[in-house]
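1. Here is the input, now give the coordinates:
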Amino acid sequence: MDELNLEPYTVIQAWSLPEAGGNWESMLGEYLQMIAQRCADSGKCVIGHIKAFATLPDRNYLRISVVAPNIPASIEGKVPPHCTNLELTLNVLVYGLERSMIEKITLEMAGEIARQKEAAVRHIYRSHAGEHLHHSYHHQSKGETP
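-> Numbering: from 1, shown residues only. Okay, here's the model as predicted:
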């Protein structure tokens, strides 16, 4: 079997929904499933782990994990009903896809789910080879892809 390289990708995203009480868990679980499916459709690869984490007010959190496109997202935690904004850290570990392809997929899927759910997403930070988390990048999207 050919060796599949791993180029981890991390992005921090600021998400907002137009009104409180939106179903964050469902929307973000669907987002990670969409990423997994697009990765699988993009070529020979093995999904190691696609995971997202958000810390929320009052010691709440949301953790979502996907390991394959055909296995439902694992969701732990709950977003408070009054929450209209959250910051999500997304880590994508997929063997066999270049970081640039993973970045393209996450950006396109974020734009697609934002359009579907009338949400907005702003990309605060995207990892690049050799960079550390203290660097930042800003990109606003409401259903747009760069």
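2. where are the low-confidence patches of the chain?
-> 1, 20-21, 127-146 (pLDDT under 70).
3. Kindly state the beta-bridge partners for the residue nearest the centre of it.
-> Nearest to the mean C-alpha position of the chain, counting by C-alpha atoms, centre = their mean, stands residue 90 at 4.6 Å. Beta bridges link residue 90 to residue 11, residue 52 when assigned by DSSP bridges.
4. wouldn't it be in contact with residue 15 here?
-> No. Contact criterion C-beta atoms under 8 Å: residue 90 and residue 15 do not qualify, at 10.5 Å. Where you see a C-beta, it was placed from the backbone N, CA and C, and this is true even at glycine.
5. Can you list the buried residues in stretch 69-78?
-> Under the neighbour-count criterion of 16 or more other C-beta atoms under 10 Å, stretch 69-78 has 69, 73, 75 buried.
6. next one: stretch 116-124
-> Within stretch 116-124, the residues that count as buried by 16+ other C-beta under 10 Å are 117, 119, 120, 121, 122, 123, 124.
7. Narrow those to those in strands?
-> 120, 121, 122, 123, 124 (DSSP state E).
8. Residue 36: which of these is nearest?
-> Of all these, residue 121 has the smallest distance to residue 36: 17.9 Å, by C-beta to C-beta.
9. Please enumerate the strands of this protein.
-> Going by DSSP E, the chain shows strands at 9-16, 46-56, 60-66, 74-77, 85-95, 120-126, 139-141.
10. got CSV for these, with distance to residue 36 too?
-> Listed next are these as CSV, based on distance: least, C-beta to C-beta, whole Å:
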stretch, distance to residue 36
strand 9-16, 13
strand 46-56, 6
strand 60-66, 5
strand 74-77, 12
strand 85-95, 9
strand 120-126, 18
strand 139-141, 20
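11. Looking at those, which is nearest to residue 113?
-> Of all the strands of the chain, strand 120-126 comes closest under C-beta to C-beta, at 8.1 Å.
12. partners of the closest one, with directions?
-> Here strand 120-126 is paired, per DSSP bridges, with strand 9-16 (antiparallel), strand 139-141 (antiparallel).
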